[in-house]
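Visitor: let's see this in three dimensions:
(one chain, ligands or ions: 2)
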Amino acid sequence: MKQKLKIAIQKSGRLNDDSIRILKECGIGFNDGMNKLKAEAMNFPLEVFFLRDDDIPQYVEDGVADIGIVGENVLLEKNKDVKIVDRLGFGKCRLSIAVPKGRKYKSITELEGQRIATSYPGILSRFLKKQKVNAEIHEISGSVEIAPGIGLADAICDLVSSGSTLFMNGLKETEVVLKSEAVMIANTQLAEWKTVLLEKLLFRINALKRAGNNKYILMNAPDTNLEKIIKLLPGMRSPTVLPLSEEGWSSVHSVVNENEFWEIIEQLKNLGAEGILVIPIEKMIV
Ligand code: ATP
Ligand code: ZN
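Guide: Ligands and ions are numbered 1, 2, ... in the order given. Predicted coordinates:
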């Protein structure tokens, strides 16, 4: 029997689709049918395990799986002895502290002595310690955002991407504790032949990342917010800015990553950008 590298990915949830997609785009075919615990790749010596994301760091530490795809937030919370071998550019989110919208909030010192509900007690307590704030951490496993509304906590610390869940629950984001994305992790003591296979896989992933799912984006932007808008749009070197014939407005052109653009577009609209066009890029030579 041919020896295989074992990879753990999320069974279902936010990272499942992109984890499967990245492997498939690397030219690795496997059957990802529902209710499967594992699948064998057809054209690469790889075995895929479908697991809960929370369990992946432990499985990789123990060597049950050699490598895994998991959110950095989960990895840092579990604090397992594994190494990050690549950042994958999807599953982007932030772990943030939020308080009820109506509450005045100036600085983190206001959290002193307060009750904060979270599913990330480890990361949160390390953050608060660094900020020299003593707060009561209430660990809850789900629906953290309803905790202030039902009187369970004064604040929460939870994952945010667009912020709409916070908004719907009458909360506002006040501190970013961690910026996270999906990462590839590996066991710290991989056998030589496994390392060779991992390198092969990472080589393919990097080729994909470089080609990227980039889009060309152009929009009309009010000059008053131009600086903030440019900050959101790094571009290949930096965005192109051209004046419009109407005073006070500019046309801004840039390149954005597909994984980010919905989030960016939301922020651009909030900054007054109009007539946003998103165009596919056929070839990108850097
Ligand atoms: P599981 O059943 O595997 O335990 P889960 O419910 O813990 O799943 P998901 O909600 O599927 O987890 O989220 C998986 C990961 O997706 C998160 O740990 C995080 O890294 C990432 N993620 C990206 N955006 C968000 C978001 N807005 N909210 C929550 N997680 C997000
Ligand atoms: Zn989970």
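
Visitor: what residues does the stretch 51-200 of the chain put near ligand 1?
Guide: Contacts of the stretch 51-200 of the chain with ligand 1, taken as Cβ under 6 Å from any ligand atom, map to 52-54, 71, 73-74, 91, 93, 159, 161, 180. Where you see a C-beta, it was placed from the backbone N, CA and C, and this is true even at glycine.

Visitor: between these, which is closest to ligand 1?
Guide: Gly71 (2.1 Å; Cβ to the nearest ligand atom).

Visitor: ok, the closest one touching Met184?
Guide: No: using Cβ atoms under 8 Å, Gly71 is not in contact with Met184, being 11.7 Å away.

Visitor: pick out whichever of these two has more residues nearby.
Guide: Counted by other Cβ atoms under 10 Å, Gly71 and Met184 do not tie: Gly71 has more neighbours, with 26 against 22.

Visitor: need the contact list for the more buried one.
Guide: Under the criterion of Cβ atoms under 8 Å, 6 or more residues apart in numbering, the neighbours of Gly71 are 15, 53, 91, 93, 180-183.

Visitor: who wins for most neighbours among the residues you listed?
Guide: Ala182 (29 neighbours).

Visitor: quick check: bridge partners of Glu175?
Guide: Ile97 (DSSP bridges).

Visitor: Phe30 belongs to a strand?
Guide: No: assessed with DSSP: H, G, I helix; E, B strand; the rest coil, Phe30 is coil; it does not lie in a strand.

Visitor: count of neighbours near it?
Guide: Phe30 has 19 nearby residues by other Cβ under 10 Å.

Visitor: which secondary structure element contains Thr138?
Guide: That one is not Thr; residue 138 is His. Under the criterion of DSSP states H and E, His138 resides in strand 136-139.

Visitor: which residues touch that strand?
Guide: Outside strand 136-139, the residues touching it (Cβ under 8 Å, 6+ apart) are 113-119, 121, 124-125, 128, 147, 152-153.

Visitor: can you do 10 Å?
Guide: For strand 136-139, contacts defined as Cβ atoms under 10 Å, 6 or more residues apart in numbering pick out 111, 113-122, 124-125, 128, 144, 147, 152-154, 156-157.

Visitor: where does the stretch 151-286 of the chain have low pLDDT?
Guide: Filtered on pLDDT under 70, the stretch 151-286 of the chain yields the residue ranges 210-212, 236, 282-286.

Visitor: all strands for it, in order.
Guide: With DSSP state E, counting those that start in this stretch as the criterion, the stretch 151-286 of the chain has strands at 155-160, 171-180, 182-186, 214-222, 240-243, 249-257, 274-280.

Visitor: which strands or helices does the second one pack on?
Guide: It refers to strand 171-180. Where contact means 3 or more Cβ pairs under 10 Å, 6 or more residues apart in numbering; DSSP states H and E, strand 171-180 is packed against helix 72-78, strand 93-100, helix 121-130, strand 155-160, helix 164-168.

Visitor: same question for the last one.
Guide: Counting by 3+ Cβ pairs under 10 Å, 6+ apart, the packing neighbours recorded for strand 274-280 are strand 214-222, strand 249-257, helix 258-270.

Visitor: could I get the residues of the stretch 51-200 of the chain next to ligand 1 as a markdown table with distance to Ile265?
Guide: Below are those laid out as a markdown table (distance: Cβ to Cβ, whole Å):
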| residue | distance to Ile265 |
| --- | --- |
| Arg52 | 32 |
| Asp53 | 27 |
| Asp54 | 31 |
| Gly71 | 23 |
| Asn73 | 24 |
| Val74 | 27 |
| Gly91 | 19 |
| Cys93 | 17 |
| Leu159 | 20 |
| Ser161 | 13 |
| Ser180 | 21 |
